[in-house]
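Colleague: Give me a 3D structure for the following:
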Amino acid sequence: MTSTLISSCTDVFSANYVGDLGGVPVDLPKNLVHLIEYDGDPAWGKKREGPKPTRSYDSKINSFGIDVRYTDNTILDKSNKSLKRAYDKEQYLPNDPWVSVNVSSGDRYYGAGAIHRIGDGTLNPSKEAGPVHQYEQLDSDQYGLEVYAPPGIDPKTDRPYREDRYAKDVFIQRDKMGQIVTYIECSNRDVPRPPCSHRFDLEPQMALHINVQYSRHNLTDWQHIEQVVRQQVLNFRKT
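Modeller: Prediction:
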């Protein structure tokens with residue numbers, strides 16, 4: 001009986017990555033998460049010096065990724081063949097329901113207010129950044145978000161800077177104090193799936209920030225995407 005119990009516990013433990021994520025102990029199922037890193041791990045392409053540490057709930061996690069189908073709140077399970085086939089098929093649709101999620105914590109987290117600092121830095125760049133990276137707020141909000149875009153005309157092409165291949169629109173949500181709490185930038189390129197990068201943090205529940213990647217066709221669902229991803233990360237908390 002004792003040996004059976006020990007074997008069962010070992011199997012459960014080995015099925016998860018464990019650690020401290022933003023000050024909270026978590027269990028990260030190995031079939032759901034990818035590219036996990038801990039504070040002190042060697043950089044990509046570098047070899048580890050010494051033996052691999054034994055991980056515990058005190059080990060600081062600084063990065064990992066998951067893929068989420070936000071339309072039905074499903075995390076991609078790499079061991080589920082039918083779900084993997086659906087993912088392989090759906091990810092090429094213009095309104096692909098799968099979003100790619102990267103979580104940054106530990107020594108990759110830059111503290112409370114990081115989202116505001118990122119957004120404020122984008123909206124107030126140096127002149128050396130060039131006209132494509134200067135921003136003015138548009139008259140109308142979109143999907144409940146402030147919208148910013150590069151103003152003016154490129155004299156070389158006689159076309160708006162907003163249509164430059166490197167131009168992006170920026171979408172902002174602020175709290176009651178005027179601080180940026182959601183920062184989204186979307187490409188203006190004329191491609192089937194122009195990419196968006198959507199950033200927010202999990203303060204005060206967890207000290208981390210999240211970057212979600214998805215098609216601009218899904219921008220209208222940004223609030224739902226943020227809600228689903230937020231809850232999925234919180235669900236990793238140790239019970």
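
Colleague: shaky segments in this protein?
Modeller: 1-14, 45 (pLDDT under 70).

Colleague: contacting residues around Arg193?
Modeller: Contacts for Arg193 (C-beta atoms under 8 Å, 6 or more residues apart in numbering) come out as Pro94, Asp96, Ser215, Arg216, His217. C-beta: built from backbone N, CA, C; applies to glycine.

Colleague: Distance-wise, check it relative to Gln179.
Modeller: Distance check for Arg193 against Gln179: by C-beta to C-beta, to the nearest Å, it reads 31 Å.

Colleague: Ok, Ser104 next?
Modeller: Applying C-beta to C-beta, the value for Ser104 to Gln179 is 19 Å.

Colleague: Looking at the two now, which is surrounded by more residues?
Modeller: Ser104 (21 against 15; other C-beta atoms under 10 Å).

Colleague: Show the contacting residues for that one.
Modeller: Contacts for Ser104 (C-beta under 8 Å, 6+ apart) come out as Asn62, Ser63, Leu208, His209, Ile210, Asn211.

Colleague: Figure out how far stretch 207-226 is from the centre of its chain.
Modeller: Here the centre of stretch 207-226 is set off from its chain's centre by 8 Å, with C-alpha atoms, centre = their mean, to the nearest Å.

Colleague: Can you list the neighbours in contact with stretch 148-166?
Modeller: Here stretch 148-166 has contacts from 123, 131-138, 167, 169-172, 188-189, using C-beta under 8 Å, 6+ apart.

Colleague: Please convert the buried members of those into ChimeraX selection syntax.
Modeller: Buried members of the contacts of stretch 148-166, defined by 16 or more other C-beta atoms under 10 Å, are picked up in ChimeraX with:
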select :123,132,133,134,135,167,169,170,171,172,188,189
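
Colleague: what residue lies at the spatial centre of this structure?
Modeller: Asn211 (1.9 Å; C-alpha atoms, centre = their mean).

Colleague: who does that residue bridge with?
Modeller: Asn102, Arg199 (DSSP bridges).

Colleague: Can you name the residues that contact the closest residue to Val147 other than its chain neighbours?
Modeller: The spatial neighbour of Val147 that comes closest, neighbours along the chain excluded (C-beta to C-beta, 6 or more residues apart in numbering), is Leu138 at 4.5 Å. Leu138 makes contacts with Val147, Tyr148, Ala149, as judged by C-beta under 8 Å, 6+ apart.

Colleague: count of neighbours near the last one?
Modeller: By other C-beta under 10 Å, 17 other residues sit near Ala149.

Colleague: Show me what it is bridged to.
Modeller: Those that pair with Ala149 in a beta bridge, by DSSP bridges, are Glu136.

Colleague: for the contacts of Leu138, which one is nearest Tyr183?
Modeller: Set against Tyr183, the nearest of these by C-beta to C-beta is Tyr148 (10.5 Å).

Colleague: still on that earlier bit, is the residue nearest to the centre of the chain in contact with Val99, as I believe?
Modeller: No. Counting by C-beta atoms under 8 Å, Asn211 stays clear of Val99, with 10.4 Å between them.

Colleague: ranges for the helices of this protein?
Modeller: Using DSSP state H, the helices found in the chain span residues 2-14, 81-90, 114-123, 222-234.

Colleague: And the ones you listed: which comes nearest His198?
Modeller: Shortest distance between His198 and the helices of the chain, using C-beta to C-beta, is found for helix 222-234: 6.3 Å.

Colleague: quick one: buried residues of that closest one?
Modeller: Neighbour-count burial for helix 222-234 flags Trp222, Ile225, Glu226, Val228, Val229, Arg230, Gln232, Val233 (criterion: 16+ other C-beta under 10 Å).

Colleague: Isn't the second one up against Ser215?
Modeller: No. With contact defined as C-beta under 8 Å, Ile225 and Ser215 do not form a contacting pair (11.0 Å).
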